[in-house]
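J.: Sequence and predicted model, in that order:
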Number of protein chains: 2
Amino acid sequence: MEWREQDTSTCAIGTTLDLVGKPWVLLIMREVFRGLHRFSDIQAHLDVSRPLLAARLEALVQAGVLARVPYREPGQRPRHEYQLTEKGRDLYPVLTALRDWGDRHLPKDDGPSTIVEHRGCGARVHAALVCEDGHRLESYEDVQARPGPGARSLTARG
Amino acid sequence: MEWREQDTSTCAIGTTLDLVGKPWVLLIMREVFRGLHRFSDIQAHLDVSRPLLAARLEALVQAGVLARVPYREPGQRPRHEYQLTEKGRDLYPVLTALRDWGDRHLPKDDGPSTIVEHRGCGARVHAALVCEDGHRLESYEDVQARPGPGARSLTARG
């Protein structure tokens, strides 16, 4: 089956973009990855209205990428904070690939605003194409794509 | 400078999402990566109207991720096709990270619709976190982020 004959409605890129393709999703996830877990902190940093942020955080909880976890400061009423789930943590390579691309193709005069390093050795971290045999790929020209078991043809879609 | 005090308007993730954060951007790029370069092929595959697709392709040419290249079939008038620029090719890790995430967290009953393999050895290809010293990172817990030279504080934004 050629790609042009393949039904794209089952493509993992498409279904993922349905869920995380809105820019605000990855911006909120960025905040949580950077250690902001409380509503008021995220709101102050993103400059978004309370109702809108509440709806968006709820959508991310529903999508399973964030979890609402109760906490209570002394003398205060119980509140919730937002923690990454495993599904949420696994979005980190997406954010890293976006940051790499921006650092390379939309560079700022004074350099990147954020440096991400390997905790173990201090070297800069990037998202790279690797294969399961351990090879590092230089570019997309080193890959070949073929229909998988879930591929369906356009004509079969009916 | 703590992250909560940092002005996010210079963040490479944010500026990249301004450009490529709309789902249709990465869907069109997916088609071109999979070898569809002509307007009619992309239109048939994405099921989008001619004027809308024309506007979107023009936006991608303006953004520098696609190039319009003339071609002429025998007996036909000259037409254009869309080729990846270097800036466009460098989006492949973003698409790969999204596909990995979808294959893992939104799996289909009958398996992935697309398999991407290393042309050299046939092993499956993924987007992985690696550092410049050659270490492979298991998760975002192995990274540490710090403000870079382009970081600005929120209070300095004025």
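T.: Done, it's in. Computed from a prediction, not measured in an experiment: that's the story for all the values here. Numbering: from 1, shown residues only, chains lettered A, B, ... in the order given.
J.: Nearest to the spatial middle of chain A, which residue is it?
T.: residue A:91 (3.6 Å; C-alpha atoms, centre = their mean).
J.: got the contact list for that one?
T.: With contacts defined as C-beta atoms under 8 Å, 6 or more residues apart in numbering or on different chains, the neighbours of residue A:91 are A:20, A:26, A:29, A:65, B:101. In this view, the C-beta of every residue, glycine as well, is placed from N, C-alpha and C.
J.: where's residue A:56 relative to chain B, distance?
T.: Between residue A:56 and chain B the distance, using C-beta to the nearest C-beta, to the nearest Å, works out to 14 Å.
J.: What is the three-state secondary structure of that residue?
T.: helix (DSSP: H, G, I helix; E, B strand; the rest coil).
J.: Quick check: it touching residue A:27?
T.: No. The pair residue A:56 and residue A:27 fails to qualify as a contact (C-beta atoms under 8 Å) at a distance of 9.4 Å.
J.: Which residue of the two possesses the greater neighbour count?
T.: In terms of neighbours (other C-beta atoms under 10 Å in any protein chain shown), residue A:27 is the more surrounded of residue A:56 and residue A:27; the figures are 21 against 18.
J.: Would you mind measuring from that one to residue B:28?
T.: 22 Å (C-beta to C-beta, to the nearest Å).
J.: what's the answer for residue A:46, then?
T.: Applying C-beta to C-beta, one obtains 28 Å for the distance of residue A:46 from residue B:28.
J.: do the same with residue A:44
T.: Distance from residue A:44 to residue B:28, counting by C-beta to C-beta: 36 Å.
J.: residue boundaries of the strands in chain A?
T.: Using DSSP state E, the strands of chain A run over residues A:66-71, A:79-84, A:114-118, A:125-131, A:136-137, A:143-147.
J.: which regions of chain A lie under the pLDDT threshold?
T.: Using pLDDT under 70 as the threshold, the predicted model of chain A has low-confidence ranges A:156-158.
J.: Please enumerate the helices of it.
T.: A:12-20, A:23-33, A:39-46, A:50-62, A:86-89, A:92-105 (DSSP state H).
J.: Residue A:31 against residue A:48, yeah?
T.: No. At 10.6 Å, residue A:31 does not count as touching residue A:48 under the criterion of C-beta under 8 Å.
J.: more crowded one of these two?
T.: Summary of the neighbour comparison: residue A:31 and residue A:48, criterion other C-beta under 10 Å, with residue A:31 having more neighbours (19 against 16).
J.: What count of nearby residues applies to the nearest residue to that one once chain neighbours are set aside?
T.: Excluding its sequence neighbours, the residue lying closest to residue A:31 (C-beta to C-beta, 6 or more residues apart in numbering or on different chains) is residue A:42, at 5.0 Å. Other residues near residue A:42 number 21, with proximity taken as other C-beta under 10 Å.
J.: Kindly report the same for the one 3 residues further on.
T.: Residue A:45 has 21 neighbouring residues, counting by other C-beta under 10 Å.
J.: shouldn't it be in contact with residue A:31?
T.: Yes. The pair residue A:45 / residue A:31 is scored as a contact, 5.8 Å apart, by C-beta under 8 Å.
J.: ok now do residue A:71, which residues does it touch?
T.: Each residue near residue A:71 by C-beta under 8 Å, 6+ apart is listed here: A:78-81.
J.: What distance do you get for it to residue B:14?
T.: Using C-beta to C-beta, we find residue A:71 at a distance of 28 Å from residue B:14.
J.: And for residue A:153?
T.: With the distance defined as C-beta to C-beta, residue A:153 ends up 39 Å from residue B:14.
J.: just residue A:59 next, same as before
T.: The span separating residue A:59 from residue B:14 equals 19 Å under the rule C-beta to C-beta.
J.: Neighbour count for those two, which is higher?
T.: The residue with the greater number of neighbours, taking residue A:59 and residue B:14 and applying other C-beta under 10 Å, is residue B:14; the counts read 20 against 16.
J.: tell me the contacts of the more buried one?
T.: Contacts here follow C-beta under 8 Å, 6+ apart; on that basis residue B:14 touches A:27, A:30, B:8.
J.: ok, of these, which one's closest to residue B:111?
T.: Of all those, residue B:111 sits closest to residue A:30, with 31.3 Å by C-beta to C-beta.
J.: neighbours around the closest one, how many?
T.: Other residues near residue A:30 number 25, with proximity taken as other C-beta under 10 Å.
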